[in-house]
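Enquirer: sequence? don't have it. structure:
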């Protein structure tokens, strides 16, 4: 009897230990973009956005989106994750195009006209181009900053961009607090649902929870300001940084790659004859 009990106990212990080993979280794999300095990512976001304002055409926007989607493996994100984060942009993009569809300068054949609203061939092309532009401008932000650590961003802004320490620490504190606000909103939603008041009055619930979240933000901001002042964050003494932030060869490769994406996009528009300089 004792032998069987000991064997069962040993079996349970082995199963339990194997379960612990199996449930141990796997380390997060570093993607290629993780080695790029956050300041370089900010420069890349500008590089991938500003040239698109030179011309509002369909070709350059589609080429830019296609080339950026090919870079997803370098970001460590899954394609489905990128699509979920693009969902809001995909909803906003047609709304931005509607104004161009109705109120842009008419050109070509006019299909509908009422007051100041005109729908013509030119306005339809412009509406499609603007909708694509919204997605092309928002996609780089998702790919570049989805995995950015706020502390690394603060280190880069202070050591590479040489921004004032007060501004940098304010950005770091605000970024950290954003995650807490999301957790507070989720906790309040679960608490209201547990009391049976979370599924009725959607509009009233939104404003009530927003006011509570505003109170939390004011209280938390006051405590944070006092804590930072007590630690000398308000003084003019130059601060030191525990982790170095430097520019490496990978940053140059990233900038060259971003410039190549924009060059190919504009070149494709010129090649297909759709490039139209906005200020001409």
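Expert: Received it, and whenever you're ready, just let me know what you need. Everything numeric here is computed off the predicted structure, so don't read it as measured data.
Enquirer: Phi first, then psi, for residue 113.
Expert: Dihedral pair for residue 113: phi -150, psi 130, per degrees, to the nearest 10.
Enquirer: That one bridge partners, please.
Expert: Residues in a beta bridge with residue 113, per DSSP bridges, are residue 118.
Enquirer: Can you tell me how far it is from residue 45?
Expert: According to C-beta to C-beta, to the nearest Å, residue 113 and residue 45 sit 40 Å apart. Every C-beta, even on glycine, is put in place using the N, C-alpha and C of the backbone.
Enquirer: Which residue ranges make up each domain of the protein?
Expert: 29-160+246-280, 162-244 (automatic domain parsing).
Enquirer: For residue 134, give me its contacts.
Expert: 89, 92-93, 96 (C-beta atoms under 8 Å, 6 or more residues apart in numbering).
Enquirer: Of those residues, which is the most crowded?
Expert: In terms of neighbour count, residue 93 stands highest of these at 20 neighbours, by other C-beta atoms under 10 Å.
Enquirer: shouldn't it be in contact with residue 132?
Expert: Yes - assessed by C-beta atoms under 8 Å, residue 93 is found in contact with residue 132 at 7.4 Å.
Enquirer: where along this structure do the helices fall?
Expert: Secondary structure of the chain (DSSP state H): helices at 2-23, 38-47, 58-70, 72-75, 79-103, 121-145, 150-159, 165-194, 202-230, 249-271.
Enquirer: Determine which of these approaches residue 236 most closely.
Expert: Each of these has some distance to residue 236 by C-beta to C-beta; the shortest is helix 165-194, at 9.4 Å.
Enquirer: For the closest one, which residues meet the burial criterion?
Expert: Within helix 165-194, the residues that count as buried by 16 or more other C-beta atoms under 10 Å are 165, 168-169, 171-173, 177, 184, 188, 192.
Enquirer: ok, back up a step: I'd like the helices of the chain laid out as CSV, including distance to residue 32 and mean pLDDT.
Expert: Below are these laid out as CSV (distance: least, C-beta to C-beta, whole Å; pLDDT from 0 to 100):
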stretch, distance to residue 32, mean pLDDT
helix 2-23, 29, 42
helix 38-47, 12, 94
helix 58-70, 13, 92
helix 72-75, 4, 92
helix 79-103, 16, 83
helix 121-145, 11, 87
helix 150-159, 15, 89
helix 165-194, 23, 81
helix 202-230, 35, 83
helix 249-271, 8, 94
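Enquirer: contacting residues around residue 49?
Expert: Applying C-beta under 8 Å, 6+ apart, the residues contacting residue 49 are 137, 140.
Enquirer: For it, give me the pLDDT.
Expert: On pLDDT, residue 49 comes in at 89.
Enquirer: residues touching the residue nearest the centre of the chain, list them.
Expert: Most central in the chain under C-alpha atoms, centre = their mean is residue 142, positioned 3.7 Å from the mean C-alpha point. Residue 142 is in contact with 77, 82, 85-86, counting by C-beta under 8 Å, 6+ apart.
Enquirer: circling back: between residue 113 and residue 45, who's got more neighbours?
Expert: Between residue 113 and residue 45, counting by other C-beta under 10 Å, residue 45 is the more crowded of the two (17 against 11).
Enquirer: Make sure the more buried one is actually in contact with residue 140.
Expert: Yes - with contact defined as C-beta under 8 Å, residue 45 counts as touching residue 140 (5.1 Å).
Enquirer: Could you provide the helices of the chain in a markdown table, with additional columns for distance to residue 239?
Expert: Below are these laid out as a markdown table (distance: least, C-beta to C-beta, whole Å):
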| stretch | distance to residue 239 |
| --- | --- |
| helix 2-23 | 41 |
| helix 38-47 | 18 |
| helix 58-70 | 36 |
| helix 72-75 | 31 |
| helix 79-103 | 34 |
| helix 121-145 | 24 |
| helix 150-159 | 8 |
| helix 165-194 | 5 |
| helix 202-230 | 12 |
| helix 249-271 | 24 |
